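Participant: test case, fold it:
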Amino acid sequence: MQGSRPFAVRSPLDLVGNTPIVRLRSVEARAGNKAQIWAKCEFANPGGSVKDRAAKQIVLDALESGQLAEGKIMIDSTSGNTGVAYSMICAALGIPLHLVMPANVSIARKHITQAYGTKLIFSSELEGSDGAIRLVRKLVAENKDKYFFPDQYSTASNPRAHYLTTGPEIIKALGDKVTHFTTGIGTTGTVIGTGRYLKEFNPKIEVVAIEPDDSFHGLEGLKHLPSSIVPKIWEPDGVIDRMLPMATDEGWDAAEMLKEDEGLFVGHSAGANVAGALRLAKEAGEGAVIVTTLCDRGDRYFKPMKWEKQYVW
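Facilitator: All right, here's what the predicted structure looks like:
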């Protein structure tokens with residue numbers, strides 16, 4: 001807020017959450033009616049994505065329970081953003097971290113996680129996030145005393161993060177005006193945790209999960225459930241009202257639209273979320289207040305120079 005005083009925090013972990021929410025008026029104009037579309041700016045988290053919330057909750061819950069004990073190496077699989085979030089949080093807390101990720105994740109994600117001191121282990125680029133899941137399970141089975149494996153796809157801490165933070169923040173910002181919440185599914189933690197809170201607040205809020213319309217898609221970070229290992233935390237009963245299939249081109253086009261018309265340079269999963277919100281706005285019409293998430297920034301998909309102490313010019 002303009003004119004507000006700076007605030008002090010004890011740790012970068014305290015910067016996670018309380019992200020701003022922005023009204024997408026150019027997207028509303030495309031809907032051609034009086035529906036409102038709002039987007040939670042999750043790229044404003046210190047690690048640059050919505051995954052900061054889940055990673056923080058997972059690590060803190062594990063420390064509190066004693067599962068992440070001294071001498072243990074934390075390990076998990078990731079397609080990218082959770083890895084960056086884990087890397088930031090583990091670096092801040094002095095926890096050694098190994099990550100298993102598909103070899104074809106963006107170069108930016110590889111470089112950022114390694115810059116924090118994280119050790120990367122690559123699975124086959126042909127097997128996507130499921131290949132990383134299978135490989136991390138194999139490594140943990142072979143080294144039971146070495147690793148703490150939270151499994152972001154299975155731990156209740158993942159949706160709990162959004163139940164405790166994302167959902168309440170949306171209601172604090174918009175109150176009882178919210179009629180719809182929609183976001184894409186990867187681990188499914190964001191839509192399950194946020195949706196659960198919103199349903200408890202008002203059962204009439206429609207919660208819509210967006211998934212790629214095909215197993216071979218270009219919406220990095222999103223999961224096509226019919227062709228994937230289904231996360232254990234995917235508990236849609238009583239939370240998810242319906243699924244919305246999303247074409248890769250539609251998600252990419254929406255990301256371009258946000259850059260050019262709103263000045264928001266976000267990733268393609270965020271584009272898919274906004275494309276879904278636009279569809280809902282066209283359906284619902286006047287009086288609808290639709291909320292979605294902008295998962296991360298577009299520059300995370302660049303091919304940046306590697307962070308090095310010395311360059312050869």
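
Participant: so what secondary structure elements neighbour the lowest-mean-pLDDT helix or strand in the chain?
Facilitator: For the chain, scoring each helix and strand by mean pLDDT, DSSP states H and E identifies helix 107-115 as the least confident one, at a mean of 87. Other helices and strands packing on helix 107-115, by 3 or more Cβ pairs under 8 Å, 6 or more residues apart in numbering; DSSP states H and E, are helix 81-93, strand 97-102, strand 119-123. C-beta: built from backbone N, CA, C; applies to glycine.

Participant: now that helix: buried residues?
Facilitator: When neighbours are counted by 16 or more other Cβ atoms under 10 Å, the buried residues of helix 107-115 are found to be 108-110, 112-114.

Participant: save the helices and strands packed on helix 107-115 as JSON lines, and put in distance to Gly267 and mean neighbour count too.
Facilitator: Shown next, in JSON lines, are the helices and strands packed on helix 107-115 (distance: least, Cβ to Cβ, whole Å; neighbours: other Cβ atoms under 10 Å):
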{"stretch": "helix 81-93", "distance to Gly267": "9", "mean neighbour count": "25"}
{"stretch": "strand 97-102", "distance to Gly267": "16", "mean neighbour count": "23"}
{"stretch": "strand 119-123", "distance to Gly267": "20", "mean neighbour count": "17"}
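
Participant: which one of these lies nearest to Tyr301?
Facilitator: Proximity to Tyr301 (Cβ to Cβ) singles out helix 81-93 among those, at 11.1 Å.

Participant: for the stretch 151-300 of the chain, which spans come out with low pLDDT?
Facilitator: Under the criterion pLDDT under 70, no range of the stretch 151-300 of the chain is flagged.

Participant: this protein: strands as residue ranges?
Facilitator: 21-23, 36-41, 73-77, 97-102, 119-123, 147-148, 180-184, 206-212, 242-246, 289-294 (DSSP state E).

Participant: quick one on the thing from earlier: chain center to the least confident helix or strand of the chain: distance?
Facilitator: Computed by Cα atoms, centre = their mean, to the nearest Å, the chain-centroid distance of helix 107-115 equals 17 Å.

Participant: which parts of the protein are helices?
Facilitator: Under the criterion DSSP state H, the chain contains helices at 25-31, 51-65, 81-93, 107-115, 128-142, 157-161, 167-174, 189-201, 248-257, 268-284.

Participant: could you export the strands of the chain as a markdown table, including distance to Val266?
Facilitator: Below are the strands of the chain laid out as a markdown table (distance: least, Cβ to Cβ, whole Å):
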| stretch | distance to Val266 |
| --- | --- |
| strand 21-23 | 11 |
| strand 36-41 | 9 |
| strand 73-77 | 24 |
| strand 97-102 | 21 |
| strand 119-123 | 25 |
| strand 147-148 | 32 |
| strand 180-184 | 12 |
| strand 206-212 | 15 |
| strand 242-246 | 15 |
| strand 289-294 | 5 |
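
Participant: nearest to Trp234, out of these?
Facilitator: Among these, the nearest to Trp234 by Cβ to Cβ is strand 206-212 (9.1 Å).

Participant: that closest one pairs with which strands, and in what direction?
Facilitator: strand 180-184 (parallel), strand 242-246 (parallel) (DSSP bridges).

Participant: alpha carbons only: can I get the least confident helix or strand of the chain in PDB?
Facilitator: The C-alpha coordinates for helix 107-115 follow below in PDB (Å, rounded to 0.1, in the frame of the first residue of the first chain):
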ATOM      1  CA  ILE A 107      17.700 -24.200 -16.900                       C
ATOM      2  CA  ALA A 108      16.700 -21.400 -14.600                       C
ATOM      3  CA  ARG A 109      15.300 -23.800 -12.100                       C
ATOM      4  CA  LYS A 110      18.400 -25.900 -12.200                       C
ATOM      5  CA  HIS A 111      20.700 -22.900 -11.700                       C
ATOM      6  CA  ILE A 112      18.700 -21.300  -9.000                       C
ATOM      7  CA  THR A 113      18.500 -24.500  -6.900                       C
ATOM      8  CA  GLN A 114      22.200 -25.200  -7.300                       C
ATOM      9  CA  ALA A 115      23.000 -21.600  -6.300                       C
END
